[in-house]
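Asks: Prediction below, plus the sequence it came from.
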Amino acid sequence: MQERTDIRQFILGRFPDARLADDEDIFSLGYVNSLFAMELVLFIEKHFGIEIPNEELDVAHFRTIDAMAALVDRCGVPA
């Protein structure tokens with residue numbers, strides 16, 4: 001799925017030595033602080049051309065690449 005690839009590339013742009021499985025918690029691995037969490041939100045909105053509703057701004061939706069890809073799908077990837 002392209003969403004996973006793009007999200008992974010964004011994370012690896014910041015942490016090039018990271019080895020992440022799609023289901024690994026990037027918060028517990030220490031890759032994410034509050035600033036990077038906001039960068040993830042902004043990246044996803046801009047890159048995928050979506051607006052993440054307030055009710056979707058839950059840390060659980062940003063813990064893993066899988067969760068972020070599912071968020072993109074729920075919020076609607078433009079055709």
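Replies: Received the coordinates, thanks. Numbers count the residues shown, from 1 in each chain.
Asks: Do I have it right that Asp73 meets Ile7?
Replies: No. Judged on CB atoms under 8 Å, Asp73 makes no contact with Ile7 at a distance of 11.9 Å. C-beta coordinates here come from the backbone N, C-alpha and C atoms, glycine included.
Asks: tell me, what residue is most central in this structure?
Replies: The centroid of the chain falls nearest to Met68 when counting by CA atoms, centre = their mean (4.2 Å).
Asks: So it sits against Glu3, correct?
Replies: Yes. Under the criterion of CB under 8 Å, Met68 makes contact with Glu3 at 7.5 Å.
Asks: what sits up against the longest helix that the chain contains?
Replies: In the chain, assigned by DSSP state H, the helix with the most residues is helix 34-48. Residues outside helix 34-48 that contact it (CB atoms under 8 Å, 6 or more residues apart in numbering) are 3, 6-7, 10, 14, 32, 50-52, 57, 59, 62, 68, 71-72, 75, 77-78.
Asks: buried subset of those?
Replies: Buried members of the contacts of helix 34-48, scored by 16 or more other CB atoms under 10 Å, are 3, 6-7, 10, 32, 50, 52, 62, 68, 71-72, 75.
Asks: Now the residues you listed in CSV, please, with extra columns for distance to Arg19 and pLDDT.
Replies: As requested, these are exported to CSV (distance: CB to CB, whole Å; pLDDT from 0 to 100):
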residue, distance to Arg19, pLDDT
Glu3, 20, 93
Asp6, 18, 97
Ile7, 15, 97
Phe10, 16, 96
Val32, 16, 86
Ile50, 28, 94
Ile52, 27, 95
Phe62, 19, 95
Met68, 17, 97
Leu71, 23, 96
Val72, 22, 96
Cys75, 28, 91
